[in-house]
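can you look at this prediction? I've put the sequence above it.
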Amino acid sequence: MDHKLVIEGLQRNKLVFKRLLQGIPRKEYVWKDKPNRWCLLEIVSHLYDEELEDFRKRTKHILDVPDQQFTPIDPEGWVQERKYIEQDYDVMLYRFLEERQTSINWLTSLTNPKWENITIHSDLGPMTASQFLANWLAHDYLHFNQITRLKLDYLKYMSKENFSYAEGY
């Protein structure tokens with residue numbers, strides 16, 4: 001795997017997230033059509049926590065101390081526990097983008113990282129630092145899909161228009 005390309009992807013995605021998520025009115029960023037579906041505010045809060053407490057921290061952990069256990073995390077539980085729905089959307093977006101830049105700065109500062117280091121994930125078994133890095137980028141892409149789907153569903157809800165033309169008849 002070309003680690004430099006993955007890191008560059010994380011850098012580019014910072015701008016994509018910024019463009020997708022900036023300037024959204026409150027009625028849109030708190031909207032959800034189902035109680036168990038995350039709204040944009042919850043997604044942004046999740047992205048911040050994942051950047052800070054999951055991907056960067058765990059990738060660093062595997063590079064530095066692969067034989068030690070990870071500190072447990074609970075991303076699904078954090079939604080309620082950390083009251084994502086009560087957070088300030090613009091502040092959380094800013095914090096996420098700042099943490100992403102911190103991650104990029106750290107990743108680009110690494111000298112001869114041991115991407116082949118392996119740790120044992122409690123649910124997934126052996127995982128390399130390289131695998132964590134690739135999953136970090138994949139996590140971005142999965143959330144792009146989630147965000148654009150939610151924005152499309154909001155447009156359908158708000159406009160009450162027929163979208164058969166855009167959806168290919």
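Ah, there it is.

got a list of contacts for stretch 79-93?
By CB atoms under 8 Å, 6 or more residues apart in numbering, the residues outside stretch 79-93 that reach it are 17-18, 21-22, 24, 26, 29-30, 38-42, 44-46, 48-49, 74, 78. From N, CA and C alone the C-beta is placed, and that goes for glycine too.

tell me the buried residues within the residues you listed.
Neighbour-count burial (16 or more other CB atoms under 10 Å) applied to those gives 17, 21, 24, 29, 38-42, 44-46, 48-49, 78.

quick one: the helices in the protein, in order.
3-21, 26-29, 40-50, 56-64, 75-81, 89-109, 129-159 (DSSP state H).

any idea which of the buried ones among the contacts of stretch 79-93 is closest to residue 108?
Relative to residue 108, the closest of the buried ones among the contacts of stretch 79-93 is residue 17; by CB to CB it sits at 18.3 Å.

okay, and for the protein, where does confidence drop off?
Scanning the chain for pLDDT under 70 picks out nothing.

quick check, central residue of it?
With distances taken as CA atoms, centre = their mean, the chain has residue 47 as the residue nearest its mean C-alpha position (3.9 Å).

number of nearby residues for the closest residue to it other than its chain neighbours?
Counting by CB to CB, 6 or more residues apart in numbering, residue 96 is the residue found nearest to residue 47 once chain neighbours are left out, at 4.7 Å. By other CB atoms under 10 Å, 24 other residues sit near residue 96.

ok, residue 96 - contacts?
17, 44, 47-48, 51.

separation between it and residue 155?
23 Å (CB to CB, to the nearest Å).

follow-up on the earlier one: show me the two of the buried ones among the contacts of stretch 79-93 that sit farthest apart.
Farthest pair in these (CB to CB) is 24 and 78. Separation: 21.5 Å.

and the residue nearest to residue 47, how close does it get to residue 57?
To residue 57, residue 96 is 15 Å away according to CB to CB.

and the closest residue to residue 28 other than its chain neighbours, how many neighbours?
Excluding its sequence neighbours, the residue lying closest to residue 28 (CB to CB, 6+ apart) is residue 154, at 5.7 Å. Other residues near residue 154 come to 19 when the count uses other CB under 10 Å.

what of residue 101?
Neighbours of residue 101 (other CB under 10 Å): 13.

quick one: the helices of the chain as JSON lines, columns for distance to residue 166 too.
Formatted as JSON lines, the entries for the helices of the chain read as follows, by distance: least, CB to CB, whole Å:
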{"stretch": "helix 3-21", "distance to residue 166": "18"}
{"stretch": "helix 26-29", "distance to residue 166": "19"}
{"stretch": "helix 40-50", "distance to residue 166": "21"}
{"stretch": "helix 56-64", "distance to residue 166": "37"}
{"stretch": "helix 75-81", "distance to residue 166": "31"}
{"stretch": "helix 89-109", "distance to residue 166": "27"}
{"stretch": "helix 129-159", "distance to residue 166": "9"}
